[in-house]
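Trainee: Next come a sequence and a model predicted from it.
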Amino acid sequence: MVLHTYPSPPFTLHTFARVDSTNDNAKTLAQKGAPHGTVVWAAEQTAGRGRFTRAWASPPGNLYMSVVLRPEVAPPRTAELGFIAALAVAETVETFLPPSTTAQLKWPNDVLVNGAKISGILLEGQFSGQGIAWIVAGIGVNIVSMPDSPAYPTTSLAASGAAAVTVEAVLHVLLTRLGAWLDSWRGAGFEPVRAAWMRRAARLGDPISVRIGTAPLTGRFGGIDHDGALLLETTEGTRRITAGEVAFGPA
């Protein structure tokens, strides 16, 4: 059911009480020709997932949404959308957090509050020739609860000091900020996105490990380069990493 249309760009919102996965629903709509800005929002997911096909706990009370994007850029620039989504989420959660609390970003698109993960972002897409047919950006924000994770700390808006917040309020701010960053990216390219992401980069210059397959690489976090690749400063020089999983501190 279409509930509302947001400006810049027009976001057409489809809402559901429960779905298996908002990403899967949005992908189906995209394959059927859904326009740029089509949003699937569900109160609950029964088969939500994150990066590396990990299950994403999706009880009622948190935000689960996916948006269809049809950017007119080359396929290698797809990853830039993850940084855009992360910035939009960071600005959104700060809207509801106490003034002294800030959101930081962990490569490639984790949003952290007080060092704990508050959001999940998953990009999936389909290419057509030399271009992008569509990208679906799935975004989850922990509002009243968070999943237990042995791999990393998690948090929610409620646990981070936010007053009573509705899912609708978070969705409205998120779409507004996402629209603004998409407009900026379309007009000025990735550099303003990269600069804003770097201002929020967590643990810049600190030791990190990056797991690529089963082999961890260690070094210091040197930021991201012009296309979003992670810069890992090692004793043998700086390495560009385009895919992997980051952990703070040495492996």
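Mentor: Thanks, I have it. Numbers count the residues shown, from 1 in each chain.

Trainee: center of this structure, which residue is that?
Mentor: residue 121 (3.3 Å; CA atoms, centre = their mean).

Trainee: What strand or helix carries that one?
Mentor: Secondary structure from DSSP states H and E places residue 121 in strand 116-128.

Trainee: Need the phi and psi values for residue 18.
Mentor: Dihedral pair for residue 18: phi -150, psi 140, per degrees, to the nearest 10.

Trainee: which residues touch stretch 145-161?
Mentor: Here stretch 145-161 makes contact (CB atoms under 8 Å, 6 or more residues apart in numbering) with 56-57, 59, 61-62, 93, 96-98, 101, 113-118, 141-144, 165, 170, 247. C-betas here are computed from N, CA, C, even on glycine.

Trainee: Now do the buried residues in it.
Mentor: Residues of stretch 145-161 classed as buried: 146-147, 154-160 (neighbour count, 16 or more other CB atoms under 10 Å).

Trainee: again, but for stretch 195-205
Mentor: For stretch 195-205, burial by neighbour count (16+ other CB under 10 Å) applies to 196-197, 200-203.

Trainee: next one: stretch 180-188
Mentor: For stretch 180-188, the neighbour count (16+ other CB under 10 Å) marks 181-182, 184-185 as buried.

Trainee: where do the helices sit along this structure?
Mentor: For the chain, helices defined by DSSP state H occupy the ranges 22-31, 80-96, 167-188, 191-199.

Trainee: for the chain, which spans come out with low pLDDT?
Mentor: Applying pLDDT under 70 to the chain flags the ranges 1-9, 48-57, 250-251.

Trainee: what's the domain layout of it?
Mentor: Domain assignment for the chain by automatic domain parsing gives 2-199, 207-248.

Trainee: Show me how far the first one is from its chain's centre.
Mentor: Counting by CA atoms, centre = their mean, to the nearest Å, domain 2-199 is centred 5 Å from the centre of its parent chain.

Trainee: show me the contacts for the closest residue to residue 106 other than its chain neighbours.
Mentor: With sequence-adjacent residues excluded and distances taken as CB to CB, 6 or more residues apart in numbering, residue 106 is closest to residue 202, at 5.0 Å. Contact analysis of residue 202 by CB under 8 Å, 6+ apart lists 104-106, 112, 115, 248.

Trainee: Angles on the backbone of residue 202, please.
Mentor: According to degrees, to the nearest 10, residue 202 has phi -80, psi 140.

Trainee: How about residue 242?
Mentor: Per degrees, to the nearest 10, the backbone of residue 242 is at phi -100, psi -10.

Trainee: what's the spacing between it and residue 229?
Mentor: Distance, residue 242 to residue 229, using CB to CB, to the nearest Å: 5 Å.

Trainee: just residue 162 next, same as before
Mentor: From residue 162 to residue 229 the distance is 33 Å (CB to CB).

Trainee: Between those two, which has more neighbouring residues?
Mentor: Comparing residue 162 with residue 229 by other CB atoms under 10 Å, the one with more neighbours is residue 162, at 20 against 17.

Trainee: Wait, that one touches residue 96, no?
Mentor: Yes - contact criterion CB atoms under 8 Å: residue 162 and residue 96 qualify, at 4.4 Å.

Trainee: quick one on the thing from earlier: can you say which of the helices of the chain is packed in most?
Mentor: Among the helices of the chain, ranked by average contacts under mean count of other CB atoms under 10 Å, first place goes to helix 80-96 (a mean of 24).

Trainee: what angle do that one and helix 191-199 make?
Mentor: 50 degrees (axes from the mean of the first three to the mean of the last three CA atoms, to 10 degrees).

Trainee: I'd like to know which elements helix 80-96 is packed against.
Mentor: strand 103-106, strand 110-113, strand 116-128, strand 131-141, helix 167-188, helix 191-199 (3 or more CB pairs under 8 Å, 6 or more residues apart in numbering; DSSP states H and E).

Trainee: Before I go, just wanted to say thanks for your time.
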